[in-house]
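sequence plus the predicted model coming up.
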Amino acid sequence: MPDLVLFQPDIPGNTGTLLRLTACLGVKLHIIEPAGFRLDDTALRRSGMDYIELASMTRHLDWAAFEAWRAEQGRRLILLTTKTKRSYLGFEFLPDDLLMLGRESAGVSDEVAETADHAITIPMKGEARSINMALSGAMVLGEALRQSGEI
C-alpha cells in the first residue's frame, strides 16, 4: 500500500485532514520536520478529530533522516508538484510508492525535488495555480490505491 509523505507542512488543518484520511483508508502518513506548527495544535486536532489516534504516523527529524529511512526501505518517491506537466492520471503507481506533498507555502527545494524518482501533477484549468494540499493528496492517493486494488 502506498504511504503519504508531507514535507515540512505549514498548515495544521491540512495535516489534520490528511491524518483523518489516512486513518480511514489504512494508509501510513510520514511528516518530515520541521513542520510549521506543533503536532498538538488546536487546528490540527479540530480537522483530524478523534481519527488522529487511529492514524499510523511517523515523524522524521529532517530530510536527511527521511532519505536514510527511504534508502533502507528501497521505496520509490513520487513528488506531487505544479512544476511538471506529467499528469497523475497517466502515471503507473506501484503498491509501495511514497507520495510526497511539499510545503503549502513553498513546495520543496530543487535539491529535494531532484531526489524524487518521479514528479507528477494534477491537470488544472486556465489560470489556476494550485489545488489545496490536502485535496491534492486525497486525489492522488485515491488513484494510487485504485491502481493497487486497495480500494
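Looks like it came in fine. Not measured: the values here are computed from a predicted model.

packing partners for the helix ranked longest in the chain?
As assigned by DSSP state H, the longest helix anywhere in the chain is helix 133-148. Packing contacts for helix 133-148, counted by 3 or more C-beta pairs under 8 Å, 6 or more residues apart in numbering; DSSP states H and E, involve strand 3-7, helix 12-25, strand 77-80, strand 98-101. (C-beta placed from N, C-alpha, C; glycine too.)

what does it contact?
Outside helix 133-148, the residues that touch it by C-beta atoms under 8 Å, 6 or more residues apart in numbering are 1-2, 4, 6, 9, 11, 13-15, 17-18, 21, 25, 27, 80, 88-89, 92-95, 97, 99, 101, 104, 120, 122, 130-131, 151.

from the residues you listed, list the buried ones, please.
For the contacts of helix 133-148, a neighbour count by 16 or more other C-beta atoms under 10 Å gives the buried set as 1-2, 4, 6, 9, 11, 13-15, 17-18, 21, 25, 27, 80, 88, 93, 97, 99, 101, 104, 120, 122, 131.

lowest-scoring secondary structure element of this structure by mean pLDDT?
Least confident element among the helices and strands of the chain, by mean pLDDT, DSSP states H and E: helix 42-48 (a mean of 67).

do I have it right that residue 33 meets residue 62?
Yes: under the criterion of C-beta atoms under 8 Å, residue 33 makes contact with residue 62 at 5.9 Å.

who's more crowded, the two?
Neighbour count, other C-beta atoms under 10 Å: between residue 33 and residue 62, residue 33 has more, with 16 against 12.

quick check: pLDDT value at that one.
What the model reports as pLDDT for residue 33 is 95.

can I get stretch 28-35 in PDB? Just the C-alpha atoms.
Taking Å, rounded to 0.1, in the frame of the first residue of the first chain, the C-alpha atoms of stretch 28-35 are listed here in PDB:
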ATOM      1  CA  LYS A  28       0.600   5.400   6.700                       C
ATOM      2  CA  LEU A  29       1.500   9.100   7.000                       C
ATOM      3  CA  HIS A  30       5.000  10.500   7.200                       C
ATOM      4  CA  ILE A  31       5.800  14.000   8.400                       C
ATOM      5  CA  ILE A  32       9.200  15.400   7.500                       C
ATOM      6  CA  GLU A  33      10.200  18.000  10.100                       C
ATOM      7  CA  PRO A  34      10.300  20.800  10.800                       C
ATOM      8  CA  ALA A  35       6.600  21.400  10.500                       C
END
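
no further queries at this time; thank you.
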